[in-house]
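Chemist: This is a predicted model, with the sequence first.
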Amino acid sequence: MEEAEDVRRGRGAALEMALREDLDLFSIGDLEERIELLEAEIARCRVQIGRKAAGREAADALFRKPTD
């Protein structure tokens, strides 16, 4: 039953849970690793934003009405 619950979680739910973790429980090494992972995720998001923006620009150019 727990698997079905995981499927129903909203987008970003895992990130929200991670943001609520008590950082006092982490070692310096754990915190540095966490920062590296978060920075990699930020970079991945920025790449995806770039892809989506390029796709949107291409679609806008394709469907834009010609100007006289």
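Modeler: Yep, that arrived.
Chemist: now the strands for the chain?
Modeler: Using DSSP state E, the chain contains no strands.
Chemist: now the helices for it?
Modeler: 2-8, 13-19, 28-63 (DSSP state H).
Chemist: mean pLDDT lowest for which of these?
Modeler: Lowest mean pLDDT of these: helix 2-8, a mean of 61.
Chemist: Centroid-nearest residue for the chain?
Modeler: Residue closest to the average C-alpha location in the chain (CA atoms, centre = their mean): residue 45, at 4.9 Å.
Chemist: Relative to residue 30, how far out is it?
Modeler: Distance of residue 45 to residue 30, given as CB to CB, to the nearest Å: 22 Å. Using the backbone N, CA and C atoms, a C-beta is placed for each residue, glycine as well.
Chemist: same deal with residue 65?
Modeler: From residue 65 to residue 30 the distance is 55 Å (CB to CB).
Chemist: Have a look at the two and say which one is more surrounded.
Modeler: residue 30 (11 against 5; other CB atoms under 10 Å).
Chemist: which residues sit in contact with the residue nearest to the centre of the chain?
Modeler: For residue 45, the contact set (CB atoms under 8 Å, 6 or more residues apart in numbering) is empty.
Chemist: Tell me the spacing between it and residue 16.
Modeler: Distance from residue 45 to residue 16, counting by CB to CB: 15 Å.
Chemist: Ok, residue 40 next?
Modeler: Residue 40 sits 18 Å away from residue 16, going by CB to CB.
Chemist: and if you look at residue 65?
Modeler: Counting by CB to CB, the gap from residue 65 to residue 16 is 42 Å.
Chemist: what does residue 35 give?
Modeler: From residue 35 over to residue 16 (counting by CB to CB), the distance is 18 Å.
Chemist: now residue 34, nearest residue through space, not along the chain?
Modeler: residue 26 (6.8 Å; CB to CB, 6 or more residues apart in numbering).
Chemist: which phi and psi does that neighbour have?
Modeler: Per-residue torsions, residue 26: phi -100, psi 150 (degrees, to the nearest 10).
Chemist: wait, doesn't it sit right on residue 32?
Modeler: No. Using CB atoms under 8 Å, residue 26 is not in contact with residue 32, being 9.5 Å away.
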